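*Asks:* Got a predicted structure plus its sequence, pasted below:
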Amino acid sequence: MKKFLIGAFAAAALLMTGCVKSPVTGFAYTDIKDGMAVTGNAGSSKVGTAEVKGYVGLVALGDASIQTAARDAGITRIHHVDYQVKSYVGVYTIYTIIVYGD
Amino acid sequence: MSLPAAAQEIRSHYVSKAEADGVIYHTLPVTLFEHPEAGDLTFDITYKEHRGGHATLNFTCRMPRPETVDSVRFVSGGAILSGPVCKLYLEPEKRGWKHRYTFDLDASRLCAFFDETQLPEVTLYIDDQPWIYRAKRSAWRSYAPIGYRIFEMIRVNEAH
């Protein structure tokens, strides 16, 4: 039973790691930032974020849409979008969208 | 146990971007205040260089009913951040309403505001009636040195 639980836990963690949207991921630990999109709009004075969280690869909750991040900062013209991923052995993962604009 | 400010890792608590007209900094949202009935208050701060020293604080709070907040007052010891707020949106949830507001503040007071020895509070004014959120002691003591360090870094970078 113990081996089964460890195996299930490891499989879930691996699955979760695979779900992380990133060119580079670490099985044990991930903490990266990357670019997602750039528009032709000039400059930015506002920043908005939105995030989703995942637990053990079994449950994932949240809203990390660009629309939500922009709305949270009152952004109507998007300049560019970055994202950030943190993952701890795939057990706990946070995916954050960061929108810059005016 | 909170670590001295110098030992705190701040990199994961903010993002920054260099642009043609100055660097823009943004602290990621943190939940440091709570109301016994309404729940948590979460806030983030955005600062852009060469904009007259103003920062923008956006906050999210929850209330039983949709209310119109007129102004806000963040108090930490002698540091007071206050002003009229602008509504970003109100949204119904399972229980109560989510409120999202923004207001501009004098960024030079932020280092003094993030004082871990204080226990600050946030007062929202709705038709002149106060609605008070108090700091979560351990969360504040953990985050205050980080907030201080971030805005000290911003001040030093802008000055040089």
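*Replies:* Done, it's in.
*Asks:* contacting residues around whatever residue of chain A ends up closest to chain B?
*Replies:* Closest contact between chain A and chain B, by CB to the nearest CB, is at A:Val47 (3.7 Å). C-beta coordinates here come from the backbone N, C-alpha and C atoms, glycine included. A:Val47 is in contact with A:Ala73, A:Ile98, A:Val99, A:Tyr100, B:Val15, B:Ile24, B:His26, B:Asp44, B:Thr46, counting by CB atoms under 8 Å, 6 or more residues apart in numbering or on different chains.
*Asks:* Partner strands of the helix or strand containing the third one, with direction?
*Replies:* Secondary structure from DSSP states H and E places A:Val99 in strand A:92-101. Pairing partners of strand A:92-101, with direction, according to DSSP bridges: strand A:46-55 (antiparallel), strand A:78-88 (antiparallel).
*Asks:* got the contact list for the last one?
*Replies:* Read it as strand A:78-88. For strand A:78-88, the surrounding residues in contact (CB under 8 Å, 6+ apart) are A:16-17, A:20-22, A:25-26, A:29-39, A:41-44, A:64, A:66, A:69-70, A:93-102, B:12, B:15.
*Asks:* Adding mean pLDDT and distance to B:Glu67, write the strands paired with strand A:92-101 out as TSV.
*Replies:* Converted to TSV, the strands paired with strand A:92-101 look like this (pLDDT from 0 to 100; distance: least, CB to CB, whole Å):
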stretch	mean pLDDT	distance to B:Glu67
strand A:46-55	96	23
strand A:78-88	94	30
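*Asks:* so which of these is the most packed in?
*Replies:* By mean neighbour count, with neighbours taken as mean count of other CB atoms under 10 Å in any protein chain shown, strand A:46-55 ranks first of the strands paired with strand A:92-101 at a mean of 21.
*Asks:* Please save the CA atoms from that strand in CSV.
*Replies:* What follows is strand A:46-55 as a C-alpha-only set of coordinates in CSV (Å, rounded to 0.1, in the frame of the first residue of the first chain):
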residue,chain,number,x,y,z
LYS,A,46,-0.2,49.6,-15.1
VAL,A,47,0.5,46.0,-14.2
GLY,A,48,-2.1,43.3,-13.5
THR,A,49,-1.7,39.7,-12.5
ALA,A,50,-3.9,36.6,-12.4
GLU,A,51,-3.1,33.1,-11.2
VAL,A,52,-4.1,29.5,-11.0
LYS,A,53,-2.9,27.0,-8.4
GLY,A,54,-2.5,23.3,-8.8
TYR,A,55,-2.3,20.7,-6.0
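*Asks:* show me what contacts the closest residue to A:Gly74 other than its chain neighbours?
*Replies:* Nearest residue to A:Gly74, sequence neighbours excluded (CB to CB, 6 or more residues apart in numbering or on different chains): B:Leu88, at 5.1 Å. Shown in contact with B:Leu88 (CB under 8 Å, 6+ apart): A:Arg71, A:Asp72, A:Ala73, A:Gly74, B:Asn58, B:Arg100, B:Tyr101, B:Thr102.
*Asks:* Please work out how many residues are found near residue 58.
*Replies:* Just going to use chain A. Residues near A:Leu58, counting by other CB atoms under 10 Å in any protein chain shown, number 10.
*Asks:* other chain: chain B
*Replies:* B:Asn58, neighbours per other CB under 10 Å, totals 25.
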